[in-house]
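In: below: sequence and its predicted model.
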Amino acid sequence: MLLAAIPSPSVNGFHLGPLYIHFYGLMYVVGIGLAVFLGRRRWQAAGGDPELVDEVAMWGVPFGILGGRIYFDLTTPKEIPPHWWGPLAVWDGGLGIWGGVALATVVCVWRLRRAGASVAGMMDALAPCLLIAQAIGRVGNYFNQELFGGPTSLPWGLEIDPAHRPDGYLQSAAFHPTFLYELIWDLLLAALLIRLGRTGRLRPGSLFPLYVAGYSAFRIFEESLRVDYSQYFLGLRLNFYIAAAVALAGVTWFVLLQRRPPKTAPAPAPAVGSADGAR
């Protein structure tokens, strides 16, 4: 018997008329809505048009979901429900964050360049907002009883129903709530990025690679705890290697940005009638 533990939720959604609303999807909707709201404020404070954030979200969100699901289907094929609609069943969980961020970023950069807006400035504005959205989305993992680590006797251990436990862990009482660890880390990292952005010491666009590196670095730790299903390579989870590679890429990206010389404004043309202009 555990003296203390986080209980498992008894449901993963609720009925709204003929519809069944999954908490997993609802949390992502709430997270995205808050990210857009905060992104508008941050972009406007940087001198941008807040409506551009809405346009970026209209393109980025659906492509982010598509990219996240493609990543999940490719890396965890055994977790796809055995139905024709299985590869699309995002309401049952299963969005790979790296696939979602990658595809959404490509599409959003394309839209920003077409609009003639600053890609680096928008990345700085949205990086903390993405972390906040991810933190809220992790609450959905709690309702789906997923994204948990190995057995633990810590007082914040997470109870998991036997139906959701992987093979070999049916007798375990509680597990590491890695979804909660990530939620806390995301919020702390978002606060750090906001603080760093206010110092004015970083090159434009630096917050986004710090977001990529910081989040991925934590996932290295998280993947070492998780026991839910995953593809393995050389005894380690596939996402462990991906997290390490993306973290290294983020750090490299950030360092290169800092070493890039600042842009200098062109020298003004000499005034008409001046000595230089009369030559």
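Out: Good, I have the coordinates. None of these values were measured; they are calculated from a predicted model.

In: after the helix or strand of the chain with the lowest mean pLDDT, next one along is what?
Out: Ranked by mean pLDDT, DSSP states H and E, the weakest helix or strand in the chain is strand 232-233, scoring a mean of 81. Along the chain past strand 232-233, the next helix or strand (assigned with DSSP states H and E) turns out to be strand 236-237.

In: distance between that next one and the chain's centre?
Out: 21 Å (C-alpha atoms, centre = their mean, to the nearest Å).

In: list the neighbouring strands of it plus their orientation.
Out: Sheet pairing of strand 236-237 (DSSP bridges) gives strand 232-233 (antiparallel).

In: if we can go back for a sec, got a list of contacts for the least confident helix or strand of the chain?
Out: The contact list for strand 232-233, computed with C-beta atoms under 8 Å, 6 or more residues apart in numbering, reads L238, Y241. Glycine gets a C-beta too; all of them are placed from N, C-alpha and C.

In: quick one: contacts for P50?
Out: Counted by C-beta under 8 Å, 6+ apart, P50 has contacts R40, R41, W43, Q44.

In: tell me, how many residues neighbour the residue nearest to V109 when sequence neighbours are not counted?
Out: Nearest residue to V109 in three dimensions, chain neighbours excluded: V119, at 5.5 Å (C-beta to C-beta, 6 or more residues apart in numbering). When neighbours are defined as other C-beta atoms under 10 Å, V119 has 18 of them.

In: who touches V119 in this structure?
Out: V109, L112, R113, G205.

In: pretty sure the last one is in contact with L126, am I right?
Out: Right, G205. No: G205 lies out of contact with L126 (C-beta atoms under 8 Å); the separation is 11.2 Å.

In: of those two, which one has the most company?
Out: More crowded of G205 and L126, by other C-beta under 10 Å: L126, with 26 against 19.

In: per-residue confidence at the more buried one?
Out: L126 carries a pLDDT value of 96.

In: could you pull up the residues touching it?
Out: A35, G39, R42, W43, V53, V56, F208.

In: how many residues are close by the fifth one?
Out: Right, V53. Neighbour tally, V53, other C-beta under 10 Å: 25.
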